[in-house]
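> sequence and predicted structure, then a few things I'm wondering about:
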Amino acid sequence: MPALQIPEKSSPIAPPHRVSGLKHGVLSPLETLAQSIAGIAPSATPGMLIPIVFSFAGNGTWLSYLLATVGILFTAQCINEFASRSACPGSLYSFVNLGFGKKAGMLTGWALLFAYVFCGSACVVEFALYALSLLKHTFNLSVSSQPMMLFSSLLVGFVGYKNVKMSASLMLKLEILSMGLILLIVGLTLFQHGLVLDWKQLSLNGVSFENVRMGLVMAIFGFVGFESAASLGTEASQPLKTIPRAIMQSVIFSGGFFVVSSYSMVMSFHASPMSLDKCSTPLLSMSSFVGVPWLGHIIDAGIMVSFFAAALANLNAGARMLYKMSHDGLLHNRLANCHHENQTPHVAVWLCSAVSLTIAVCLSLFQVALMDIVGWLGTLATFGFIYAYMSTSISAAKLLRQSKQFSIAKIITVSASCAVLIFAFIGSLYPLPAYPYNILPLIFGTYMVVGLAYLRTLKLS
């Protein structure tokens, strides 16, 4: 297996971009890491995604997450080939620019913008979903979803508009709180079982290769957003070091959290009459199993604020990429405006926030179930992330070949990254999913065709 370490020293192909208007070097390494951790939103996975992975992988759920972690590490290393050499707010858009030029970079930015906006919209819906549940169970109040969506979007937009350091600090605190509560339930579960190894899981009892394969596809989706620290190239301190570390560490930390959580959750439900994949509130059930049912409601509150942090992470990343693309002349020049006092791309922030809110509210007005909206928007966002990750991995290959650093280890890394991403994309199409999931790739494809048509109107070299 190739080494996946971040190089201690790298020769920049471009100095950190000093884009006018944004703050410079104000984020600590921990705050930079918070951006990528919040982008992944690891706290949301135990409550929503692990049960879905279990429905495919069964006792091999932990293995699907372990393999997904290794696969995404290859993609992270491809991204870091650029992040360790160049830093700017454009994230993967700017990286592909360096590898294949402005046209390829613009299409990557177009896809990634789609991903950030739709992922942010899904987070707004998920925040409302958990908020409504908490109001119902705690205060016996029933309210419509739209006011909760509006509240979360306005609050996310305000924090993103106000101060990037405050955003990073808040995301870090919210995610640590939520993950800590989940790990408490995990620890109580393992303690209750006497730290006895679960041989049904470790021996992969009843698990086939196909089970692990299908689970792996869904597990990979849980990592999207890990690259969002790359959007802080101007605002992070020592970006050529802190951003690559944040990208890699976010995958390692989240992957370890997913493996441990999935192992504990599957173990916890062995003796339950209800299967894990049939339980709509698995963490609440786990808290009851260990005798502290009240903790489950606190965890649900923690997951709710985790979705707030995830929405903020997507907003920060999407707005800064819009800002950089506008700064480069690809979009309307007003998007390149920065707030004089806050030094944030306020126009891009409010635009991204408004579009995400509009998508969520419009779907809810058509009486679509909130969980269905989350599924649709999350799947659409994933297509955008996969496209951006794939184009960056291929660009990394070109960069390494031109710099005569394309060693056997690097070839394996790029090849493995591309293979994992292709595998995830094909897995989302085959077997052919039921309606409306079967038309979601067409929606993303149409969006990319529109981007290509717009690209043809630009005078790019």
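Great, that's in hand.
> could you use CA atoms for every contact and neighbour count after this?
Noted.
> which element, helix or strand, includes S280?
Counting by DSSP states H and E, no helix or strand carries S280.
> and it, how far from V259?
Distance of S280 to V259, given as C-alpha to C-alpha, to the nearest Å: 20 Å.
> more neighbours: those two, which one.
Set S280 next to V259 and count neighbours by other C-alpha atoms under 10 Å: V259 wins out with 20 against 12.
> quick check: nearest residue in space to the more buried one, chain neighbours excluded?
Spatially, and ignoring its direct neighbours in sequence, V259 is nearest to W62 (5.0 Å; C-alpha to C-alpha, 6 or more residues apart in numbering).
> touching, the one you found and S262? I think so.
Yes: at 5.6 Å, W62 counts as touching S262 under the criterion of C-alpha atoms under 8 Å.
> more crowded one of the two?
W62 (31 against 27).
> can you tell me which residues contact that one?
Residues in contact with W62, defined by C-alpha atoms under 8 Å, 6 or more residues apart in numbering, are 201, 258-260, 262-263.
> keeping just the C-alphas, turn the helix or strand containing it into CSV.
If you go by DSSP H and E, W62 is part of helix 61-83. The C-alpha trace of helix 61-83 is given here as CSV (Å, rounded to 0.1, in the frame of the first residue of the first chain):
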residue,chain,number,x,y,z
THR,A,61,-21.1,-2.9,8.1
TRP,A,62,-17.9,-2.1,9.9
LEU,A,63,-15.8,-3.6,7.1
SER,A,64,-17.7,-1.5,4.5
TYR,A,65,-16.8,1.6,6.5
LEU,A,66,-13.2,0.5,6.9
LEU,A,67,-12.8,0.0,3.2
ALA,A,68,-14.5,3.3,2.5
THR,A,69,-12.1,5.1,4.8
VAL,A,70,-9.0,3.6,3.0
GLY,A,71,-10.5,4.4,-0.4
ILE,A,72,-11.2,8.0,0.5
LEU,A,73,-7.7,8.4,1.9
PHE,A,74,-6.4,7.8,-1.7
THR,A,75,-8.7,10.6,-3.0
ALA,A,76,-7.6,12.9,-0.1
GLN,A,77,-3.9,12.3,-1.0
CYS,A,78,-4.7,13.3,-4.6
ILE,A,79,-6.3,16.5,-3.4
ASN,A,80,-3.3,17.2,-1.2
GLU,A,81,-0.9,17.0,-4.1
PHE,A,82,-2.4,20.5,-4.9
ALA,A,83,-3.2,21.6,-1.3
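> for the stretch 1-150 of the chain, give me the ranges with low pLDDT.
1-20 (pLDDT under 70).
> let me see the contact set for the residue most central in space within the chain.
In the chain, the C-alpha nearest the mean C-alpha coordinate belongs to G225, at 2.6 Å (C-alpha atoms, centre = their mean). Contact analysis of G225 by C-alpha under 8 Å, 6+ apart lists 36, 39-40, 314, 385.
> ditto for M149
Contacts of M149 by C-alpha under 8 Å, 6+ apart are 124-125, 127-128, 357, 360-361.
> and these, which two are furthest apart?
The most widely separated members of those, counting by C-alpha to C-alpha, are F127 and V361 (12.9 Å).
> more neighbours: these two, which one.
Shown here are F127 and V361; by other C-alpha under 10 Å, F127 has more neighbours (27 against 19).
> just confirm that one is within a strand.
No: counting by DSSP: H, G, I helix; E, B strand; the rest coil, F127 falls outside a strand, being helix.
> skip the chain neighbours and tell me the closest residue to it.
Nearest residue to F127, sequence neighbours excluded (C-alpha to C-alpha, 6+ apart): M304, at 5.1 Å.
> now that neighbour: which helix or strand?
Assigned by DSSP H and E, M304 falls in helix 293-327.
> quick one: mean pLDDT for that helix?
Mean pLDDT, computed over helix 293-327, is 93.
> and if you look at stretch 346-357?
97.
> wait, N314 sits on A122?
No: N314 lies out of contact with A122 (C-alpha under 8 Å); the separation is 10.5 Å.
> for stretch 334-349, buried residues please.
For stretch 334-349, a neighbour-count test (16 or more other C-alpha atoms under 10 Å) marks 335-338, 342-349 as buried.
> what residues does that stretch touch?
Contacts of stretch 334-349 (C-alpha under 8 Å, 6+ apart): 21-23, 157, 160-164, 315-316, 318-320, 322-324, 326-327.
> can you turn the buried part of those into a ChimeraX selection?
Written as a ChimeraX command, the selection of buried residues from the contacts of stretch 334-349, which uses 16+ other C-alpha under 10 Å, is:
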select :21,22,23,157,160,161,162,164,315,316,318,319,320,322,323,324,326,327
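> check contacts around L351.
Taking C-alpha under 8 Å, 6+ apart as the definition, L351 has no contacts.
> name the element it belongs to?
With DSSP H and E as the criterion, L351 is inside helix 346-365.
> circling back: how far does the helix holding M304 sit from its chain's centre?
Relative to its parent chain, helix 293-327 has a centroid offset of 10 Å by C-alpha atoms, centre = their mean, to the nearest Å.
> same question for stretch 174-188.
Distance, centroid of stretch 174-188 to centroid of chain: 19 Å (C-alpha atoms, centre = their mean).
> what number of residues lie near P436?
Neighbours of P436 (other C-alpha under 10 Å): 10.
> Three-state assignment for it, please.
Strictly by three-state DSSP, P436 counts as coil.
> excluding chain neighbours, what is closest to T69?
T69's closest residue in space is G255 (C-alpha to C-alpha, 6+ apart), at 5.2 Å.
> quick check, the one you found in contact with S64.
No: applying C-alpha under 8 Å, one finds G255 not in contact with S64, separated by 10.6 Å.
> neighbour count for the two, which is higher?
S64 (28 against 25).
> shouldn't the more buried one be in contact with G215?
Yes: under the criterion of C-alpha under 8 Å, S64 makes contact with G215 at 5.6 Å.
> hey, what's in contact with both of the two?
In contact with both S64 and G215: A57, using C-alpha under 8 Å, 6+ apart.
> please name the nearest non-neighbouring residue to I182.
I299 (6.6 Å).
> and the gap between the one you found and D328?
For I299 relative to D328 (C-alpha to C-alpha), the value is 43 Å.
> try H297
Going from H297 to D328 by C-alpha to C-alpha gives 47 Å.
> tell me which of those two has more neighbours.
Higher neighbour count among H297 and D328: H297, with 19 against 14, using other C-alpha under 10 Å.
> let me see the contact set for that one.
Counted by C-alpha under 8 Å, 6+ apart, H297 has contacts 134, 284.
> same check on F257?
Contacts of F257 (C-alpha under 8 Å, 6+ apart): P42.
> tell me which element it is part of?
helix 239-268.
> what's the angle between that helix and helix 61-83?
Following axes from the mean of the first three to the mean of the last three C-alpha atoms, to 10 degrees, one obtains 170 degrees for the angle between helix 239-268 and helix 61-83.
> so the next helix or strand after helix 239-268 versus helix 239-268, what angle?
With elements assigned by DSSP H and E, the helix or strand that comes after helix 239-268 is helix 282-289. Counting by the same axes, to 10 degrees, helix 282-289 lies at 50 degrees to helix 239-268.
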